[in-house]
Structures are given as C-alpha cells and as structure tokens.
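S.K.: prediction below, plus the sequence it came from.
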Amino acid sequence: LRIIHIIDYFQPQLGYQETFLAKEHIKLGHEVFVITSDRYNPYIYEGDAARKILGKRVVGTGFFNEEGIKVWRLKTLFELKRKVWPIGLEKKIQELKPDIVIMHGIVNFFTLRVARLKKKDKNFKLINDDHMVFYASRSKVRFLYPLFKFLFSRLLQDAADAFVGVAQTSKMFMHERYGIPLERITVIPLGADDHLFRYDPAARGSIRNRLSISEKDIVFIYAGKMVLEKGPHLLVKAAMDLIRNKDNLKVLLVGNGLPSYMEEMKQDI
C-alpha cells in the first residue's frame with residue numbers, strides 16, 4: 001500500500017508517534033510518505049533543548065529523507081496560533097495517489113482541506129488520528145471549539161473512514177469537542193519501539209553508578225517536556241512527601257522546558 005501521513009509539524013528527531021508509526025509501516029513493506037510544513041512546531045522551542053537538537057525552526061521546502069522516511073515539506077503561506085496553511089497540499093496528495101491517508105490531529109487547516117478533498121476523491125481511505133485530552137487543551141482560542149464543532153463536524157464525519165483516539169480520554173475529547181459519535185471512534189493506545197526501548201542491564205548499572213543510585217533504590221522517571229500541562233510538578237510534590245519516610249526512593253526528571261516552571265520545581269525541592 002502507499003500510505004501518506006499528514007501532520008502540520010513534523011520533527012522525526014524527537015520521536016513522536018507519527019514518526020514511529022511511519023517507520024513501522026515501512027517495516028511492513030508499505031511505501032510511506034509524510035506531508036508536512038516547512039517548519040517545526042513553535043511550542044517545542046519554548047525551552048532551549050529543541051533548538052540544540054533541531055537547529056533553525058524553518059527548515060525549507062521540497063523532498064527530504066528524514067530518519068529513513070520520505071518527507072515532502074510544503075511552503076507555508078501563513079501561520080496562526082500554531083496552525084499552518086501549506087501551499088499545494090491537495091495537489092501533492094493527488095500526485096502521490098495514496099491508498100491510505102492518516103491525518104495526525106483534527107483541529108488544523110490540513111485536516112479540513114483533506115476532508116474537502118476526500119469528498120471529491122474517493123480513491124483513498126482517510127483516517128483521522130487525535131491525541132488531545134481535556135487537561136492538555138492549552139489553546140487561548142479553545143472557546144471556539146463549539147464553533148468548530150458546529151461548522152466542521154459533519155464535514156469530518158462524512159469524509160473520514162475511521163477516527164482513532166490514543167486513549168479513552170482522547171475519545172471523550174473527540175466526542176465532546178468535535179462532535180464525533182462515540183461509536184465511530186476506535187481507541188488504539190500509543191506504543192513504543194521495542195528495538196529502541198529495551199532492558200539493558202549494563203546500561204542500567206552504568207547510569208545508576210553515574211547518578212549515585214544504589215541497586216536497592218526505587219526510581220521514578222519522568223521523561224518529556226517540562227511544562228505545567230504535563231504535570232511533572234505533581235510527581236515532584238508527591239515524591240517529596242514519600243521521601244520523608246522512604247530513604248530508598250529517587251526521582252529522575254529527564255527533559256527540558258520553560259525555565260520559569262523548572263525553577264519553581266527546583267525551589268520546591
């Protein structure tokens with residue numbers, strides 16, 4: 001099959017779900033493309049880690065091979081509140097003649113444009129995949145969800161062959177905010193690449209030794225962006241209560257984020 005993953009921002013170096021899923025499709029023998037914008041998500045540039053890994057946010061247009069994935073980056077006409085309008089999206093999809101198109105995220109210009117294209121072109125299957133949950137909805141214009149639901153829910157439902165949420169809370173969000181009937185939403189939990197993430201006793205011992213963590217210590221690890229919405233401060237507060245009575249408990253935070261938020265956690269500690 002020829003499968004196209006479409007997402008507004010694509011950062012394969014950071015290993016999000018769309019990257020792993022595209023790689024798994026390639027392993028299964030499918031021909032896989034990603035269509036995206038010419039830039040990275042501004043949200044991940046709120047700390048300094050992303051800039052060190054990714055470099056400049058605007059990376060250019062054209063065809064790229066990124067992490068072994070064929071990627072078409074389209075020129076951005078305009079960008080508004082982390083929503084981009086790419087030039088030539090419909091034309092590129094029709095040129096590639098996909099069997100399946102997987103949309104990552106629902107509230108964006110990409111998804112609405114592909115939905116309109118699907119109503120005209122019935123030659124491919126359309127899957128809408130969404131990760132949003134209630135506590136992570138941080139958009140300053142989230143009060144417009146009822147308007148989005150009123151204007152576009154029927155278009156999305158008519159165009160899509162399937163809707164996928166990555167958790168039960170994502171399913172409920174899609175139902176309540178986008179108006180998608182519950183019976184049309186399938187929950188497929190996020191997975192992990194078991195070739196990359198695997199038990200390694202030698203690495204375990206090395207890291208514990210470097211961080212002065214004994215074999216008897218129980219370690220809780222948070223790995224990811226350190227922002228309020230993801231809640232690592234809750235882990236810190238809970239751990240501090242436990243550490244007073246448990247001398248074999250350790251917490252390891254791996255990642256970067258807003259300096260002010262991280263400083264608040266350091267002050268609590």
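M.R.: Great, that's in hand. Numbers count the residues shown, from 1 in each chain.
S.K.: so where do the strands sit in this protein?
M.R.: Ranges of strands in the chain, per DSSP state E, are 2-6, 31-37, 62-66, 69-74, 76-80, 83-86, 100-104, 125-130, 162-165, 185-187, 218-223, 249-254.
S.K.: tell me what the longest one is packed against?
M.R.: It refers to strand 31-37. If you count contacts as 3 or more CB pairs under 8 Å, 6 or more residues apart in numbering; DSSP states H and E, strand 31-37 packs onto strand 2-6, helix 17-27, strand 69-74, strand 83-86, helix 89-96. Quick note: C-beta positions are derived from backbone N, CA and C, even for glycine.
S.K.: which outside residues touch it?
M.R.: 1-10, 18, 22, 25-26, 66, 69-74, 76, 79, 84, 86, 89, 92-93, 96, 98 (CB atoms under 8 Å, 6 or more residues apart in numbering).
S.K.: stretch 115-126 spans what distance, first to last residue?
M.R.: This stretch, stretch 115-126, spans 8 Å end to end (CA to CA, to the nearest Å).
S.K.: mind listing what's buried along it?
M.R.: Neighbour-count burial for stretch 115-126 flags 115, 117-118, 121, 124-126 (criterion: 16 or more other CB atoms under 10 Å).
S.K.: export those residues to JSON lines and tack on pLDDT?
M.R.: What follows is the buried residues of stretch 115-126, written out as JSON lines (pLDDT from 0 to 100):
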{"residue": "Ala115", "pLDDT": "97"}
{"residue": "Leu117", "pLDDT": "97"}
{"residue": "Lys118", "pLDDT": "96"}
{"residue": "Asp121", "pLDDT": "89"}
{"residue": "Phe124", "pLDDT": "97"}
{"residue": "Lys125", "pLDDT": "97"}
{"residue": "Leu126", "pLDDT": "98"}
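S.K.: switch those over to JSON lines; also include distance to Asp48.
M.R.: Shown next, in JSON lines, are those (distance: CB to CB, whole Å):
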{"residue": "Ala115", "distance to Asp48": "37"}
{"residue": "Leu117", "distance to Asp48": "39"}
{"residue": "Lys118", "distance to Asp48": "40"}
{"residue": "Asp121", "distance to Asp48": "43"}
{"residue": "Phe124", "distance to Asp48": "40"}
{"residue": "Lys125", "distance to Asp48": "41"}
{"residue": "Leu126", "distance to Asp48": "38"}
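S.K.: among the residues you listed, which are located in helices?
M.R.: 115, 117-118 (DSSP state H).
S.K.: show me where pLDDT drops low in the protein?
M.R.: Applying pLDDT under 70 to the chain flags the ranges 47, 135-143.
S.K.: now, which of the buried residues of stretch 115-126 sits nearest Phe109?
M.R.: Ala115 (10.8 Å; CB to CB).
S.K.: how many neighbouring residues does the residue nearest to that closest one when sequence neighbours are not counted have?
M.R.: Of all residues not flanking Ala115 in the chain, Ala159 sits nearest, at 3.8 Å (CB to CB, 6 or more residues apart in numbering). Number of residues near Ala159 (other CB atoms under 10 Å) recorded here: 20.
S.K.: residue contacts, Ala159?
M.R.: 114-116, 118-119, 126.
S.K.: please apply the same query to Leu89.
M.R.: Contacts of Leu89 (CB under 8 Å, 6+ apart): 6, 35, 74, 110, 113-114.
S.K.: ok, so of those residues, who is nearest Phe197?
M.R.: Ile6 (26.2 Å).
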